[in-house]
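> Give me coordinates for this.
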Amino acid sequence: MANSIIKSIEDAQLKAQAPEFRTGDTVKVSAKIKEGNRERIQVFEGTVIKKQGTGVRATFTVRKISNGVGVEKTWPLHSPIVEKVEVTRRGKARRAKLYYLRQRTGKAAKVKELVR
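Residues are numbered from 1 along each chain as shown. Below you'll find the model as predicted:
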């Protein structure tokens, strides 16, 4: 009983067009940032190192190197804060979670491009 009520509420929160991307892809995430009383869109570009969860709880983590320091951000996939996710490069990943990229720097931290 309670399960069906929760499910119906969660289904209403889902985005109609969920962005299509996979682990290893390089993406540009356009997120809404609220500063005081104004709102702007900030772009975060990096490699998707993991996707997890299903439905409303689905999240994805993007990693980039900024000024020589690794930065990771995790966003809910169906959040209204995430404006759009644009794939700039398809990556060839043989595993679901690319945690090994955390120990790598420079060219070693790159994911090979997927050629179709």
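> Any idea what the residue nearest the centre of the chain is bridged to?
Taking C-alpha atoms, centre = their mean, the centroid of the chain lies closest to F60, which sits 3.8 Å from it. The partner list for F60 in beta bridges (DSSP bridges) reads K51, W75.
> and what of the one 5 residues further on?
The residues listed as beta-bridge partners of I65 by DSSP bridges are G70.
> mind listing what's buried in the lowest-mean-pLDDT helix or strand in the chain?
Scoring the helices and strands of the chain by mean pLDDT, DSSP states H and E places helix 2-13 at the bottom, with a mean of 79. For helix 2-13, burial by neighbour count (16 or more other C-beta atoms under 10 Å) applies to no residue. Backbone N, C-alpha and C define where each C-beta goes, glycine included.
> now for whichever helix or strand comes after it, which elements pack on it?
Scanning forward in sequence from helix 2-13 by DSSP states H and E, the next helix or strand is strand 26-35. With contacts defined as 3 or more C-beta pairs under 8 Å, 6 or more residues apart in numbering; DSSP states H and E, the packing partners of strand 26-35 are strand 38-52, strand 69-76, strand 82-89.
> contacting residues around the residue nearest to the centre of the chain?
Counting by C-beta atoms under 8 Å, 6 or more residues apart in numbering, F60 touches F21, V48, K50, K51, Q52, T74, W75, L77.
> of all the helices and strands packed on strand 26-35, which lies closest to R95?
Evaluated with C-beta to C-beta, the helices and strands packed on strand 26-35 place strand 38-52 nearest to R95, the distance being 9.9 Å.
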